[in-house]
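A.B. asks: Turn this into a model:
(one chain, ligands or ions: 2)
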Amino acid sequence: MSAPVKKVPIHLQSSQNRLLIKNGKVVNEDDASDADVYVEDGVIKQMGKNLIIPGGTRTIDARGKYVLPGGIDPHTHLDFQFFGTRTADTFYSGTKAAIAGGTTTIIDFVFPEKGESLLDTYYDYRQKAEGACCDYGFHVCVTHWSDRVKQEMELLTKEHGVNSFKMFMAYDFMLDDSELYCAFEQCKQLGALAQVHAENGPVLTENARRLLAKGVTGPEGHELSRPEEVEAEAVNRACVIAKQVDCPLYVVHVMSKSAAEALRRHAGGGRRTFGETLAAALGADGSQYKHQCFHHAAGHVLSPPLRPDTGTPVALMHHLADDVLQLTASDHCTFNKSQKEAGKGDFTKIPNGVNGVEDRMSVVWEKGVHAGILTPSRFVAVTSTNAAKLFNLYPRKGCIAVGSDADIVVWNPNATRTISAATHHQAVDFNIFEGMTCHGVPDYVIVNGRVCLDEGQLRVVEGYGRFVETPAYAPFVYNPDELESLKPAKVEHVEHADVFQKMQKVKLADDPCPTPTLPESHVAAATGRGHRPEGQRNIQESTFCLTEELDPDTKSSIRVTHPPGGRSSGFW
Ligand SMILES: NC(=O)NCCC(=O)O
Ligand SMILES: [Zn+2]
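C.D. replies: Ligands and ions are numbered 1, 2, ... in the order given. As a prediction, this is how the structure comes out:
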């Protein structure tokens, strides 16, 4: 039984749950308009001009700025055991960094060891993720094939809010072609989205063996063993196999021009293939592998690798613009320099993975919008909306609309920041974008109605994030016609619109942010880790009880002196 709760007294239901973002340019994937946005209790309640709002509401002036849907990063690996070591970033540090960069939802990967139960691993990840500061969902990796795996996929889809499964064509937990065929068949059967890591594993393993035998042991061997065609061949093969069973397919981390071309060839005639590329692929290139410093070169090692062709980042950005690719992710999977050292003398032992959860939005803006390749609306599509649609979170997430979660970024296109490991919030001690100056910086990041980045000050709360179910049969994937009917009305029509009606078609978690209630115990005393009793949602609780969970980096700047009753104005 959950702890008894009481309604928040009226004097506590104060301005702290209310926020007005005024004078900004609201950008959605298909529209940009001058509109104010009123938020209450974690949800966008009104949009338009001359809104009538309650007194004491905090106002953020967004004049000259964009008001964007919070970023959705569909590919992260937090608290992940890989290459015999554990990632530097946990769900707490990773989501804190995500928020600092304008991302308000992540979708991480449940990653069973080969032979391990998918369900047991899923439960482990649900626990590990409880410290997340922003909302999160899960894909589940299929690292071996059996009847039990097939049954667990069904259970995960029908009972645990999972609608995507990732299969590997490389690593020692890869599936062979007939297993891929069966896994895709099962995804189709369940209305799930099949994802694939596309590289020809056996070929790259033989290449690596030959290179090592010839004495090529440094990080440059990583890319040499995994050239573009090894990626492109696997993309093509995955598309062919998926087509046999009519299964929609999502290719994760498309890293090369050849792989994108392979995807383009399969995209025609009713889209059933989708492509994601990475901030890393758009903001860095494979020339780094020849760097004389091992730490620098190894810091860039991920799979598939960055490409030595320095034209690749721009080409991939154009593919995002012309819809050959639909999404950007970080594939955030961080290892410190000391961890990367495991691969000194043998590049195959360098833990694979790079940073990006904090940097993705700024890098895509800089290389996309600032460079004149993406419009702001397309930026929104490839950093947020398309992920929401593909994983069936739209229009709850991925758009600024009445009824949507108040996951909002006030984006300053004129501010710049220079990325550095010395100042980033990611726990890792290296940043592949070191020294890159990006135009486009979040001034405010609002997560479920709470201002978590406030004029550049990070004020996150450990455990504030919610698990979001991703229901099967996403309309964008399985029935694009239905998606049209889910689209929220444009701003000029929304004063009285309510998308909840439409959103109910998308099965949401049981707790879609009801009127805040405050458990008695939480009013009285601080808790250690911010775990919420089931079924409750209270964006106020951090005001007076979660001092432990305020980001230590900014703790000193936080006044936790609000008396019950709160300030009469201000929103943290
Ligand atoms: N990409 C990478 O090198 N590391 C993360 C694991 C994966 O996505 O393959
Ligand atoms: Zn990954």
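A.B. asks: buried residues in the lengthiest helix in the chain?
C.D. replies: Secondary structure assigned by DSSP state H gives helix 228-244 as the longest helix of the chain. Residues 228, 230-239, 241-242 are the ones in helix 228-244 that count as buried (16 or more other C-beta atoms under 10 Å). Using the backbone N, CA and C atoms, a C-beta is placed for each residue, glycine as well.
A.B. asks: ok now do Ala194, which residues does it touch?
C.D. replies: By C-beta atoms under 8 Å, 6 or more residues apart in numbering, Ala194 lies in contact with Ser164, Phe165, Met167, Ala183, Phe184, Cys187, Lys188, Ala242, Cys247, Pro248, Leu249, Tyr250.
A.B. asks: near ligand 1, which residues of the stretch 101-250 of the chain?
C.D. replies: Within the stretch 101-250 of the chain, the residues that sit near ligand 1 (C-beta under 6 Å from any ligand atom) are His197.
A.B. asks: Please enumerate the strands of the stretch 101-250 of the chain.
C.D. replies: 103-110, 135-142, 164-168, 193-197, 249-251 (DSSP state E, counting those that start in this stretch).
A.B. asks: would a markdown table of the ones you listed with mean pLDDT be doable?
C.D. replies: Output for the strands of the stretch 101-250 of the chain, formatted as a markdown table (pLDDT from 0 to 100):
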| stretch | mean pLDDT |
| --- | --- |
| strand 103-110 | 99 |
| strand 135-142 | 98 |
| strand 164-168 | 98 |
| strand 193-197 | 98 |
| strand 249-251 | 98 |
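A.B. asks: okay if I get the ones you listed as TSV plus distance to Val410?
C.D. replies: TSV is the format used below for those (distance: least, C-beta to C-beta, whole Å):
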stretch	distance to Val410
strand 103-110	12
strand 135-142	19
strand 164-168	30
strand 193-197	31
strand 249-251	30
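A.B. asks: For Gly440, find the nearest of those.
C.D. replies: strand 103-110 (13.6 Å; C-beta to C-beta).
A.B. asks: Specify the angle between that closest one and strand 135-142 in degrees.
C.D. replies: Put simply, strand 103-110 runs at 20 degrees to strand 135-142, going by axes from the mean of the first three to the mean of the last three C-alpha atoms, to 10 degrees.
A.B. asks: Just the CA atoms of strand 103-110, as CSV, please.
C.D. replies: Only the C-alpha atoms of strand 103-110 are listed here, as CSV (Å, rounded to 0.1, in the frame of the first residue of the first chain):
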residue,chain,number,x,y,z
THR,A,103,17.3,17.2,-23.3
THR,A,104,14.3,16.4,-21.1
THR,A,105,13.7,12.7,-21.9
ILE,A,106,16.1,9.9,-22.7
ILE,A,107,15.5,6.4,-23.9
ASP,A,108,18.2,4.0,-22.6
PHE,A,109,19.0,0.4,-23.5
VAL,A,110,18.3,-2.5,-21.2
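A.B. asks: Starting from it, tell me which strands it pairs with and how they run.
C.D. replies: strand 71-76 (parallel), strand 135-142 (parallel) (DSSP bridges).
A.B. asks: Do I have it right that Val301 meets Ala342?
C.D. replies: No - contact criterion C-beta atoms under 8 Å: Val301 and Ala342 do not qualify, at 11.1 Å.
A.B. asks: count of residues packed around whichever residue of the stretch 151-300 of the chain sits closest to ligand 1?
C.D. replies: Residue of the stretch 151-300 of the chain nearest ligand 1, by C-beta to the nearest ligand atom: His197 (5.2 Å). The number of residues packed near His197 is 22, by other C-beta atoms under 10 Å.
A.B. asks: Enumerate the residues of this protein near ligand 1.
C.D. replies: His77, His197, Leu302, Ser303, Asp331, Cys333, Asn352, Gly353.
A.B. asks: Next, the contact list for the residue nearest to the first one when sequence neighbours are not counted, please.
C.D. replies: What sits nearest to His77 in space, not counting adjacent residues and going by C-beta to C-beta, 6 or more residues apart in numbering, is Cys333, at 3.9 Å. Shown in contact with Cys333 (C-beta under 8 Å, 6+ apart): Thr76, His77, Phe80, Phe82, Thr87, Leu302, Asn352, Gly353, Val354.
A.B. asks: which residues of the stretch 401-550 of the chain fall in helices?
C.D. replies: Along the stretch 401-550 of the chain, counting by DSSP state H, counting those that start in this stretch, helices occupy 475-478, 480-486, 500-503, 520-524, 541-545.
A.B. asks: where among these is the average confidence lowest?
C.D. replies: Looking at the helices of the stretch 401-550 of the chain, the lowest mean pLDDT belongs to helix 520-524 (a mean of 23).
A.B. asks: Just the CA trace of stretch 71-88, in CSV.
C.D. replies: Output of stretch 71-88 as CSV, limited to C-alpha atoms (Å, rounded to 0.1, in the frame of the first residue of the first chain):
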residue,chain,number,x,y,z
GLY,A,71,15.0,17.2,-26.5
ILE,A,72,14.5,13.5,-26.6
ASP,A,73,17.6,11.5,-26.8
PRO,A,74,16.6,8.1,-28.1
HIS,A,75,20.0,6.3,-27.5
THR,A,76,21.9,6.4,-24.3
HIS,A,77,23.8,3.9,-22.2
LEU,A,78,23.9,4.9,-18.5
ASP,A,79,25.2,2.8,-15.7
PHE,A,80,26.2,0.2,-18.3
GLN,A,81,28.6,-2.6,-17.9
PHE,A,82,30.5,-3.0,-21.2
PHE,A,83,34.0,-4.2,-22.1
GLY,A,84,34.5,-5.4,-18.5
THR,A,85,34.0,-2.0,-17.1
ARG,A,86,31.2,0.4,-16.1
THR,A,87,30.3,3.7,-17.8
ALA,A,88,31.4,6.9,-16.0
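A.B. asks: Enumerate every residue touching Arg86.
C.D. replies: Asp79, Phe80.
A.B. asks: Which residue lies nearest the spatial centre of the protein?
C.D. replies: Of all residues in the chain, the one closest to the mean position by C-alpha atoms, centre = their mean is Asp73, 1.6 Å from it.
A.B. asks: how close does that one sit to Leu19?
C.D. replies: When C-beta to C-beta, to the nearest Å is applied, the distance between Asp73 and Leu19 equals 23 Å.
A.B. asks: Check Leu458 too.
C.D. replies: Taking C-beta to C-beta, one finds Leu458 at 17 Å from Leu19.
A.B. asks: now swap in Met436 and tell me
C.D. replies: Met436 sits 32 Å away from Leu19, taking C-beta to C-beta as the criterion.
A.B. asks: between these two, who's got more neighbours?
C.D. replies: Leu19 (27 against 18).
A.B. asks: sorry, back to before: pull out the buried residues from the residues of the chain next to ligand 1.
C.D. replies: His77, His197, Leu302, Ser303, Asp331, Cys333, Asn352, Gly353.
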